[in-house]
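1. what's the 3D shape of this:
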Amino acid sequence: MSWLTQAAKGIKALASQKKDIPDNLWRKCPNCSEVLYHRELDRNLWVCGSCGHHLPFSTEQFIDLLFDEGSWQETHMGLTSKDALDFKDSKRYKDRIKASRSKTGKEDAVITGRAQIGLIPVSVAIMDFSFMGGSMGSVVGEKIARALLDSLKYRESAIILSRSGGARMQESLLSLMQMAKTSAVLARLRKEGIPFISILTHPTTGGVTASYATLGDINVAEPGALIGFAGPRVIKQTIGGDLPEGFQSSEFLKKQGMVDLISERKDLKDTLERTLHWFVDGRDVSVRRPPRG
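-> From the prediction side, this is the model:
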């Protein structure tokens with residue numbers, strides 16, 4: 001049996017020499033199940049090369065994609081959620097907040113800032129689904145309201161990019177109040193004639209959809225995004241019937257007039273730039289850029 005022992009030693013030696021292969025090199029497309037190489041995904045802006053499905057994109061990736069290089073400046077930092085209701089389900093709310101901050105490196109589910117798109121100044125809010133499902137709590141509503149007030153202050157267009165599972169249940173009525181607060185500020189923008197462009201990505205649901213996400217002068221959606229208030233299963237159980245094919249997709253909602261444009265991710269900046277130029281009527285906006293700071 002010595003040859004078996006020697007063979008086993010040889011196999012063990014080969015196994016010990018095998019290089020570790022990282023387990024994060026590949027990603028399966030949730031739409032067509034194609035196995036995708038991460039470097040290829042980066043080149044394609046995290047869009048499946050086989051079926052065109054738009055995979056999740058990070059806040060930092062959207063910032064790099066949409067805005068003129070070096071123009072992004074974050075605003076309204078330092079706001080953090082409080083556990084005013086001392087809420088607890090399977091975990092304490094304050095513990096969930098702490099875990100999400102540690103995991104994502106974000107203060108909450110939205111980041112706000114000012115930037116330029118084709119030299120046109122804009123005030124921006126970008127929601128982050130990785131932070132508690134992009135849920136809208138009091139901090140999210142406050143930061144979005146402040147970003148919209150920046151639009152009023154500097155007389156520049158407002159852009160909100162939404163990715164959300166809806167209201168943050170742990171804040172109860174405090175969360176629901178953000179729908180009215182943000183909508184009220186948007187009414188002020190409309191009265192002043194300041195453009196608001198809403199970008200809807202996958203998913204945009206709940207109270208976010210029922211408030212600022214669908215109040216844009218122009219509503220732009222990514223292909224195949226889930227957009228709606230309640231989930232399809234809840235609606236089906238409520239009405240007791242089948243739903244139309246593709247219900248709550250961006251393509252279906254465009255046919256119903258709820259979405260104005262559908263733009264692939266690679267074309268999104270050009271779409272925004274053309275739309276902004278249309279709003280400012282082709283004027284030279286570079287001379288009216290407000291001072292930073």
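2. and R114, what helix or strand is that in?
-> strand 110-117 (DSSP states H and E).
3. Can you give me the buried ones in whichever strand in the chain runs longest?
-> For the chain, the strand with the greatest residue count under DSSP state E is strand 196-205. Of all the residues in strand 196-205, those buried under the rule 16 or more other C-beta atoms under 10 Å are F196, I197, S198, I199, L200, T201, H202, P203, T204, T205. Any C-beta I mention is one placed from the backbone N, CA and C, and that applies to glycine too.
4. Alpha carbons of it, in PDB - could you do that?
-> Extracted C-alpha coordinates of strand 196-205, given in PDB (Å, rounded to 0.1, in the frame of the first residue of the first chain):
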ATOM      1  CA  PHE A 196     -36.800  69.000 -11.200                       C
ATOM      2  CA  ILE A 197     -35.700  65.800 -12.800                       C
ATOM      3  CA  SER A 198     -36.500  62.500 -11.100                       C
ATOM      4  CA  ILE A 199     -34.400  59.400 -11.900                       C
ATOM      5  CA  LEU A 200     -36.100  56.100 -11.000                       C
ATOM      6  CA  THR A 201     -33.900  53.000 -10.700                       C
ATOM      7  CA  HIS A 202     -34.600  49.500  -9.500                       C
ATOM      8  CA  PRO A 203     -36.400  49.400  -7.100                       C
ATOM      9  CA  THR A 204     -38.400  52.600  -6.400                       C
ATOM     10  CA  THR A 205     -41.300  51.700  -4.200                       C
END
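5. buried stuff in the longest helix seen in the chain?
-> With secondary structure taken from DSSP state H, the chain has its longest helix at helix 173-192. If you call a residue buried by 16+ other C-beta under 10 Å, then helix 173-192 has these buried ones: L174, S175, L176, Q178, M179, K181, T182, V185, L186, L189.
6. who's in contact with the residue lying closest to the last one once chain neighbours are set aside?
-> Of all residues beyond its chain neighbours, the one nearest L189 is F196 (5.5 Å), with distances taken as C-beta to C-beta, 6 or more residues apart in numbering. For F196, the contacting residues are L148, S151, S157, A158, I159, I160, L186, L189, R190, L215, G216, D217, by C-beta atoms under 8 Å, 6 or more residues apart in numbering.
7. what about 6 Å?
-> A158, L189, G216, D217 (C-beta atoms under 6 Å, 6 or more residues apart in numbering).
8. Over to S50?
-> S50 touches C32, E34, counting by C-beta under 6 Å, 6+ apart.
9. can the buried residues of helix 173-192 go into JSON lines with extra columns for pLDDT?
-> What follows is the buried residues of helix 173-192, written out as JSON lines (pLDDT from 0 to 100):
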{"residue": "L174", "pLDDT": "94"}
{"residue": "S175", "pLDDT": "95"}
{"residue": "L176", "pLDDT": "94"}
{"residue": "Q178", "pLDDT": "97"}
{"residue": "M179", "pLDDT": "97"}
{"residue": "K181", "pLDDT": "97"}
{"residue": "T182", "pLDDT": "98"}
{"residue": "V185", "pLDDT": "98"}
{"residue": "L186", "pLDDT": "98"}
{"residue": "L189", "pLDDT": "97"}
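10. Just checking: what are the partner strands of the very next helix or strand once past the strand holding R114?
-> Per DSSP H and E, the first helix or strand lying C-terminal to strand 110-117 is strand 120-127. Using DSSP bridges, the strands paired with strand 120-127 in its sheet are strand 110-117 (antiparallel), strand 157-164 (parallel).
11. In the first one, which residues are buried?
-> Of the residues in strand 110-117, V110, I111, T112, G113, R114, A115, Q116, I117 count as buried by neighbour count, 16+ other C-beta under 10 Å.
12. hmm, who's touching that strand?
-> Under C-beta under 6 Å, 6+ apart, the answer for strand 110-117 is 59, 67-68, 71-76, 122-127, 140, 143, 147, 272-273.
13. Got the domain ranges for the protein?
-> 23-55, 57-288 (automatic domain parsing).
14. which of the buried residues of helix 173-192 lies closest to K255?
-> Using C-beta to C-beta, L186 comes nearest to K255 of the buried residues of helix 173-192, at 24.8 Å.
15. sorry, back to before: mark which of the contacts of strand 110-117 are buried, thanks.
-> Of the contacts of strand 110-117, these count as buried by 16+ other C-beta under 10 Å: 59, 67, 71-72, 76, 122-127, 140, 143, 147, 272-273.
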